[in-house]
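**Student:** Next comes the sequence, and after it the predicted model I'd like to discuss.
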Amino acid sequence: MVHAKLSTSAGAKNGVLETWLRREGQAKYTQIHNITDANMDPRPRGTHPEANWVGSPTDLQPWQRGYLMGWSNSAYDNTTTFFISRVEYFQQLPAELK
């Protein structure tokens, strides 16, 4: 399970990235990552030099897309299959993580 929250403003290091894992047969989730000082810049992509969209540096952009498993699988020697069972969005922390 992944919980991510963008920084409140450009340069603010208060973004959040938390992950939990529950293996088959386990009753509870185990927290793997708890990063609360991430620099997850919420400015639109157009403010980045390599972006193709131009926007105001003061505009905030919601989370629209991303990689759930990373962008490269070259570290795996063999073909490896991952299954993602569901993706859900919550306004509050799910009860099973409290």
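**Tutor:** Looks like it arrived, so ask away.
**Student:** Now do the strands in the chain.
**Tutor:** 2-5, 15-21, 30-38 (DSSP state E).
**Student:** Out of the ones you listed, which is closest to residue 80?
**Tutor:** strand 15-21 (16.6 Å; Cβ to Cβ). Using the backbone N, CA and C atoms, a C-beta is placed for each residue, glycine as well.
**Student:** and that closest one, how far from the chain's centre?
**Tutor:** Relative to its parent chain, strand 15-21 has a centroid offset of 7 Å by Cα atoms, centre = their mean, to the nearest Å.
**Student:** Return the list of helices and strands in contact with that strand.
**Tutor:** Packing contacts for strand 15-21, counted by 3 or more Cβ pairs under 8 Å, 6 or more residues apart in numbering; DSSP states H and E, involve strand 2-5, strand 30-38.
**Student:** ok so, going back, for the strands of the chain, give me JSON lines that also has distance to residue 94.
**Tutor:** Below are the strands of the chain laid out as JSON lines (distance: least, Cβ to Cβ, whole Å):
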{"stretch": "strand 2-5", "distance to residue 94": "9"}
{"stretch": "strand 15-21", "distance to residue 94": "10"}
{"stretch": "strand 30-38", "distance to residue 94": "13"}
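**Student:** Give the residue spans of this structure that score low on pLDDT.
**Tutor:** The model of the chain has pLDDT under 70 over residues 42-67, 70-71, 73.
**Student:** returning to what we had before: single out the most deeply packed of the helices and strands packed on strand 15-21.
**Tutor:** strand 2-5 (a mean of 14; mean count of other Cβ atoms under 10 Å).
**Student:** What strands line up against that strand, and which way round?
**Tutor:** strand 15-21 (antiparallel) (DSSP bridges).
**Student:** Next, the buried residues of the strand it pairs with.
**Tutor:** Buried residues in strand 15-21, counted by 16 or more other Cβ atoms under 10 Å: 15, 16, 18, 20.
**Student:** How about residues contacting it?
**Tutor:** Contact partners of strand 15-21, identified using Cβ atoms under 8 Å, 6 or more residues apart in numbering, comprise 1-7, 29-40, 97.
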